[in-house]
Structure formats: C-alpha cells, structure tokens
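J.: show me how the following folds:
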Amino acid sequence: MYNDLVNKTTDKEMQEVFLDWRTNRDCLNMTSMKIFTALVEDGNFYQALEHHKHIVESDVQPMVVVHTYVIEAYLKFGKTKGALEAYWGMLAAGVAPNAYTYTVFIKGLTADPNFLGDAKKCLLE
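T.: Okay, the predicted model is just below:
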C-alpha cells in the first residue's frame, strides 16, 4: 500500500509523508491508539474491540487505520480534495469506515466551504 500511496500522488509534500511511514512505524501505531481511544470514549465499544482484536490476532494494523491516517494527513495539510479522493479509494478497496474515520473526515470537509455537500452526504451515511 505504501508504494501505491507514494506512486499515485503527484503531490511532493504528501509523498514525503507517506515515505516517512516506512521508517517511522510509530505514526500508524499512534493513529491506531487514537482511533481505539476515541471509539471507546464515544461509546463504540464493539468497534474498538474489533479494532484491537485484529491487531492482536494479526500483528498488523487494520486497513481502516491506514486509510484513516491517509485522510488525516491530507486534511492536516489542508488538501481536502486529496482527503476526499483517499476516502473514495478506501470505499473502492472495500474498507468500511468506522465512527472515528467519519468524524475526522466530516470535520475536515466542513472546514472547507467547497466540500459542505460532500460532508452532508457522509453525515447521512
């Protein structure tokens, strides 16, 4: 997936972020823990449990974590269109967003007035 992320984007800033993941595994681990904590705090205990179970059983981060991290990275740099494309890629890959993904994504979309319609669609999902 890292190669796809690096090769599919022409945005140099995002390529650097994605390349950094190869050497800094803590990025995904911190995001995973942030997702787990937020799910528990929001009352989505069963989603959090599935998240944790996947990591324990496979020693691999769930794909929802990777995709959410990509979306967050785009939003962090104010690249809302890139975040939207990453979200569509997530859905196309058959990865179901969790409550945390929706929260981050919708919040990011509403920060840009050009994407309010997209935020409304996601909220209705």
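J.: C-alpha from now on. contacts and neighbour counts both.
T.: Noted.
J.: can you pull out the low-pLDDT segments for the chain?
T.: 1-7 (pLDDT under 70).
J.: would you mind finding the longest helix in it?
T.: Using DSSP state H, we find that the single longest helix of the chain is helix 26-41.
J.: right, and the helix or strand after it?
T.: helix 45-58 (DSSP states H and E).
J.: need the contact partners of that next one.
T.: Here helix 45-58 makes contact (Cα atoms under 8 Å, 6 or more residues apart in numbering) with Ile35, Phe36, Thr37, Leu39, Val40, Val60, Gln61, Pro62, Asn98.
J.: and if we set it to 7 Å?
T.: Outside helix 45-58, the residues that touch it by Cα atoms under 7 Å, 6 or more residues apart in numbering are Phe36, Leu39, Val40, Gln61, Pro62.
J.: residue boundaries of the helices in the protein?
T.: Using DSSP H, helices in the chain cover 2-8, 12-23, 26-41, 45-58, 63-76, 80-92, 99-110, 116-124.
J.: other SSEs contacting the longest helix of the chain?
T.: In terms of contacts (3 or more Cα pairs under 7 Å, 6 or more residues apart in numbering; DSSP states H and E), helix 26-41 is packed against helix 45-58, helix 63-76, helix 99-110.
J.: centre-most residue in the protein?
T.: What sits nearest the mean C-alpha location of the chain, by Cα atoms, centre = their mean, is Thr68, with 0.7 Å.
J.: need the contact list for it.
T.: Applying Cα under 7 Å, 6+ apart, we find Thr68 in contact with Thr101.
J.: how near is Gly108 to Asp20?
T.: 23 Å (Cα to Cα, to the nearest Å).
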